[in-house]
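Novice: Using only what follows, build the 3D model:
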Amino acid sequence: DKSAPNIIRVYKESGELKIMTDEESECSYSNADCNFEIESGIKMTSVNKVAHNSEWKVNKNYYIRCRDNYNNQPNPNICSIIARPSKTDTKSDVIEIE
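Specialist: Predicted coordinates for the structure are as follows:
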């Protein structure tokens, strides 16, 4: 394995932002940008190392970086994904993804 984990799903459940990765990994985020080391970011909670979650805050950017058990991770200043929880005009929750 020589590649960083992929995020295969992003959603809201039980009032939390949740992501799923395609392999066991450790994920953290910043609300500022992608320029952070995974160990210095805000650690996402994980039960089985493939389902990760964090608080759901509307209109906050989540710059998420993940690395696998072999330390494969995105290049510096690159995110695994950028998610932005928001509400639509109908007041339902949505996630914008970059």
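
Novice: what about the nearest residue to N35 once chain neighbours are set aside, how many neighbours?
Specialist: Nearest residue to N35 in three dimensions, chain neighbours excluded: N77, at 4.7 Å (CB to CB, 6 or more residues apart in numbering). In short, each C-beta sits where N, CA and C put it, glycine included. Applying other CB atoms under 10 Å, we find 10 other residues in the vicinity of N77.

Novice: Also the one 10 residues further on?
Specialist: Residues contacting K87 under the criterion other CB under 10 Å number 11.

Novice: Identify the bridge partners of it.
Specialist: Counting by DSSP bridges, K87 is bridged to D93.

Novice: Give the bridge partners for the spatially most central residue of the chain, please.
Specialist: Taking CA atoms, centre = their mean, the centroid of the chain lies closest to I64, which sits 3.9 Å from it. Beta-bridge pairing for I64 (DSSP bridges): Y29, I81.

Novice: Same check on S46?
Specialist: H52.

Novice: Give the full set of residues in contact with it.
Specialist: With contacts defined as CB atoms under 8 Å, 6 or more residues apart in numbering, S46 is in contact with E26, C27, H52, N53.

Novice: List buried residues within the residues you listed.
Specialist: E26, C27, H52, N53 (16 or more other CB atoms under 10 Å).

Novice: So, low pLDDT: which residues of this protein?
Specialist: Residue ranges of the chain with pLDDT under 70: 88-92, 98.

Novice: now the strands: where do they sit in this protein?
Specialist: 7-13, 16-21, 25-30, 42-43, 45-46, 51-55, 62-68, 81-87, 93-97 (DSSP state E).

Novice: nearest to D1, of those?
Specialist: strand 62-68 (6.6 Å; CB to CB).

Novice: tell me what the closest one is packed against?
Specialist: strand 16-21, strand 25-30, strand 81-87 (3 or more CB pairs under 8 Å, 6 or more residues apart in numbering; DSSP states H and E).

Novice: right, so those: which one is the most enclosed?
Specialist: The highest average neighbour count among those, using mean count of other CB atoms under 10 Å, belongs to strand 25-30 at a mean of 23.

Novice: quick check: angle from that one to strand 51-55?
Specialist: Orientation check (axes from the mean of the first three to the mean of the last three CA atoms, to 10 degrees): strand 25-30 against strand 51-55 gives 20 degrees.
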